[in-house]
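> have a look at this prediction, sequence included:
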Amino acid sequence: MTVYRVTAKRWARGWELHIDGEGVTQSRSLADAEGMVRDYVALLHDVAVDSFDIEITPEVGGGLDDSVRTAREAVASAETARRSAAKASRAVAARLRGAGLTGRDIAVVLGVSAQRVSQLLRDAGPAEGG
């Protein structure tokens with residue numbers, strides 16, 4: 001599927017949407033930007049509005065773009081770490097259960113609530129429970 005990359009630049013009346021290799025359109029808000037780009041590209045190429053993907057990168061300016069990028073990367077890293085921690089917790093909870101520990105004992109060992117242990121054991125697949 002074709003991906004159109006768009007740089008959204010703020011201006012007095014909203015956002016200029018610079019579509020790589022295609023042209024420029026406008027939107028009053030970033031929330032409306034994808035729809036505007038879809039309409040523009042669909043009309044330009046006589047294709048359906050859902051026949052391509054769009055990646056919009058806002059440029060806020062005023063020295064904030066680097067801060068925004070850093071914050072987004074930190075959020076993505078935190079999500080990756082959360083998934084890894086959940087996977088490890090499911091696996092060790094299943095192994096502790098296999099070693100004969102009760103749910104309450106597993107909760108103390110892992111430093112989580114008994115309800116969380118129930119969730120971990122419920123979500124642990126056969127490979128993790130192995």
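Now that the structure is in, tell me what you want to look at.

> which SSE is the residue positioned nearest the centre of the chain in?
Closest residue to the average C-alpha location of the chain: residue 76 at 6.9 Å, with C-alpha atoms, centre = their mean. Per DSSP states H and E, residue 76 falls inside helix 65-98.

> and that helix, what's buried?
Within helix 65-98, the residues that qualify as buried by neighbour count (16 or more other C-beta atoms under 10 Å) are 89, 90, 91, 92, 93, 94, 96, 97. Heads up, the C-betas are built off the backbone N, CA and C, glycines and all.

> just stretch 51-65 next, same as before
52, 54, 56, 58.

> can you redo the residues you listed as a markdown table with pLDDT, distance to residue 36 and secondary structure?
Below are the buried residues of stretch 51-65 laid out as a markdown table (pLDDT from 0 to 100; distance: C-beta to C-beta, whole Å; DSSP: H, G, I helix; E, B strand; the rest coil):
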| residue | pLDDT | distance to residue 36 | secondary structure |
| --- | --- | --- | --- |
| 52 | 97 | 14 | coil |
| 54 | 97 | 10 | strand |
| 56 | 97 | 10 | strand |
| 58 | 95 | 14 | strand |
